[in-house]
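**Q** Quick check, what structure comes out for this input:
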Amino acid sequence: MTGTALIAGASGIVGNNLARHLVETGWDVHGLARRPVDIAGVTPVVADLTDPASLKAALGDARPTHVFITTWMRQATEAENCHVNGAMVRNLLDALGHAPLAHVALVTGLKHYLGPFEAYGKGTLPQTPFREDQDRLPVENFYYVQEDEVFAAAARRGFTWSVHRPHTIVGYALGNAMNMGVTLAAYASLCRESGRPFAFPGSPQQWHGLTDVTDARLLARHLAWASTTPAAADTAFNVVDGDVFRWSWMWGRIAEWFGVEPAPYSGEAMPLEQQMAGAAPLWRELSARHGLVEADLDRLASPWHTDADLGRPIEVVTDMSRSRRLGFLDYQPSDDAFLDLFSRLRAERVIP
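**A** This is a model prediction of the structure:
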């Protein structure tokens, strides 16, 4: 089954990979963004989710059957996150009041279980592996507000919904605020060029404990599957690759690919924000020497977000039983997710 898709956030890591997958499988795809990127087969829609007038003007003639909400905007506080990101979902669905919506899919993440950035990985946390039927945390969380906006619109208008909770997403996108794969690629490249140690930045719990990640290509397939499978309607899903690993192993795999020697783990966090501080001039030099497509390191790397993921004080693994029981059996080796991404970044001259 296919349809007419509108992807909110088509220029991001999730939306970009989803758009390519839907085009390849025969969908009519429209990609909404403030600054759309060129994706073959995708009709760009220029609009601002925070501006209802902008949305109504851009979407007045749109007739999507399926909406995929894959974007958010970070604010200074969680209260502002709730206000702004809840309004973005509401504005989008209000602007599509005329459309024959069959399904709306919302991408959130494991902050559903770990809490917002203000309280990330702190306090009393649910036992791992995280399961979809665990209760919400008793704190403000913009993911909950986004969900409630989708639930309310679905109740009014009769479309089905799905919520997708990936772990750290590994995939191709440039200029994305939450991109561990590209951040680690930039960091490893800087270490190789400067001779500095390739040192794991995270906590002992992350170094030694089990974890998982989500390949953006697998997430794209999961979004399409849940949106067209009747048994998956009105359900929240965790989405991960299907394997588990320890960073003490994965760090060596990444180091080998880049041809750097992994530094012995120090036993304490060494945040990337500190390690990469002041590296912008070196990156500009690398960019000029190797003819890279992006000379601005800040547009490629998001050290703050990678530090949040790798600095967690607990191991984080995710249960995916709901999807398996309903027939989604896709699997992605997580080391290949990283290495495939690095190969593409090098082929497209994003990294040296």
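**Q** in the chain, which ranges drop under the pLDDT threshold?
**A** 120-123, 177 (pLDDT under 70).
**Q** Centre of the chain to stretch 163-180, how far?
**A** Relative to its parent chain, stretch 163-180 has a centroid offset of 2 Å by C-alpha atoms, centre = their mean, to the nearest Å.
**Q** Convert that stretch to PDB, retaining C-alpha atoms only.
**A** Presented in PDB, the C-alpha positions along stretch 163-180 are these (Å, rounded to 0.1, in the frame of the first residue of the first chain):
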ATOM      1  CA  VAL A 163       4.300   7.000  17.600                       C
ATOM      2  CA  HIS A 164       7.900   5.900  16.900                       C
ATOM      3  CA  ARG A 165      10.500   6.000  19.600                       C
ATOM      4  CA  PRO A 166      14.000   5.500  18.100                       C
ATOM      5  CA  HIS A 167      17.200   5.400  20.200                       C
ATOM      6  CA  THR A 168      20.200   7.400  18.900                       C
ATOM      7  CA  ILE A 169      19.600   7.700  15.200                       C
ATOM      8  CA  VAL A 170      22.500   6.900  12.800                       C
ATOM      9  CA  GLY A 171      22.100   8.100   9.300                       C
ATOM     10  CA  TYR A 172      22.900  10.600   6.600                       C
ATOM     11  CA  ALA A 173      21.900  14.200   7.000                       C
ATOM     12  CA  LEU A 174      23.900  17.400   7.100                       C
ATOM     13  CA  GLY A 175      23.000  20.400   9.300                       C
ATOM     14  CA  ASN A 176      21.100  18.300  11.800                       C
ATOM     15  CA  ALA A 177      21.000  19.200  15.500                       C
ATOM     16  CA  MET A 178      21.100  15.600  16.700                       C
ATOM     17  CA  ASN A 179      23.500  13.500  14.600                       C
ATOM     18  CA  MET A 180      25.900  11.200  16.500                       C
END
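**Q** What residues of that stretch count as buried?
**A** The neighbour-count check on stretch 163-180 (16 or more other C-beta atoms under 10 Å) flags 163-176, 178-180 as buried. Heads up, the C-betas are built off the backbone N, CA and C, glycines and all.
**Q** Stretch 287-294 too?
**A** Buried residues in stretch 287-294, counted by 16+ other C-beta under 10 Å: 287, 292, 294.
**Q** now those in CSV, with distance to residue 41?
**A** Shown next, in CSV, are the buried residues of stretch 287-294 (distance: C-beta to C-beta, whole Å):
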residue, distance to residue 41
287, 30
292, 27
294, 24
